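*Asks:* Next comes the sequence, and after it the predicted model I'd like to discuss.
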Amino acid sequence: MNSNKQKLRYRIKHWFQNRWWELRAWSWDRYSTVKPRNLPHTWIDREELLIHVMFEVLSNFVEKELRPHQDIDWDCSEYRSHARDEMEDLYRWWHEEYSWRNEDFVSLQADEAWYAFVTHQCLRLSKIRGYMWS
């Protein structure tokens with residue numbers, strides 16, 4: 001009988017914990033919502049939005065998970081080390097060069113070479129996405 005009470009308490013406690021987690025995720029900690037920091041609050045082409053969302057996810061990962069958690073051994077394999085270096089390089093490029101170049105939010109298609117380079121950077125990010133876990 002005591003065992004059944006413990007199971008019932010566990011299930012009730014677990015149910016309430018799950019509801020609390022869902023409420024937090026829905027209202028405060030919106031883990032599935034990406035808000036690019038440097039976009040104006042106006043219409044933006046979807047192709048430009050996609051680039052900003054990709055690099056906002058990278059920025060959040062680098063700032064909140066990669067840099068604060070120095071106890072993760074990124075040098076345990078050549079692939080992980082390369083992925084970390086790519087993340088840092090893409091992060092630096094995004095915050096230093098891309099933001100500076102697009103301060104006036106002109107269309108990327110105006111300069112074909114720049115458009116091709118940004119596409120290349122997006123492909124680099126896509127190739128290392130498997131290392132962005134927490």
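*Replies:* Sure, I can see it.
*Asks:* Can you give me the pLDDT of residue 125?
*Replies:* With respect to pLDDT, residue 125 scores 97.
*Asks:* same question for the lengthiest helix in the chain, mean pLDDT?
*Replies:* Using DSSP state H, we find that the single longest helix of the chain is helix 2-27. Averaged over helix 2-27, pLDDT sits at 84.
*Asks:* Return the distance of it from the chain's centre.
*Replies:* Centroid separation for helix 2-27 versus its chain: 29 Å, with CA atoms, centre = their mean, to the nearest Å.
*Asks:* In contact with the most centrally placed residue in the chain, which residues?
*Replies:* What sits nearest the mean C-alpha location of the chain, by CA atoms, centre = their mean, is residue 57, with 2.0 Å. Neighbour list for residue 57: 34, 132 [criterion: CB atoms under 8 Å, 6 or more residues apart in numbering]. All C-beta atoms are positioned from the backbone trio N, CA, C, and that covers glycine.
*Asks:* list the buried ones in the helix or strand containing it?
*Replies:* If you go by DSSP states H and E, residue 57 is part of helix 46-61. By neighbour count on 16 or more other CB atoms under 10 Å, the buried set for helix 46-61 is 48, 51, 52, 54, 55, 56, 58, 59, 61.
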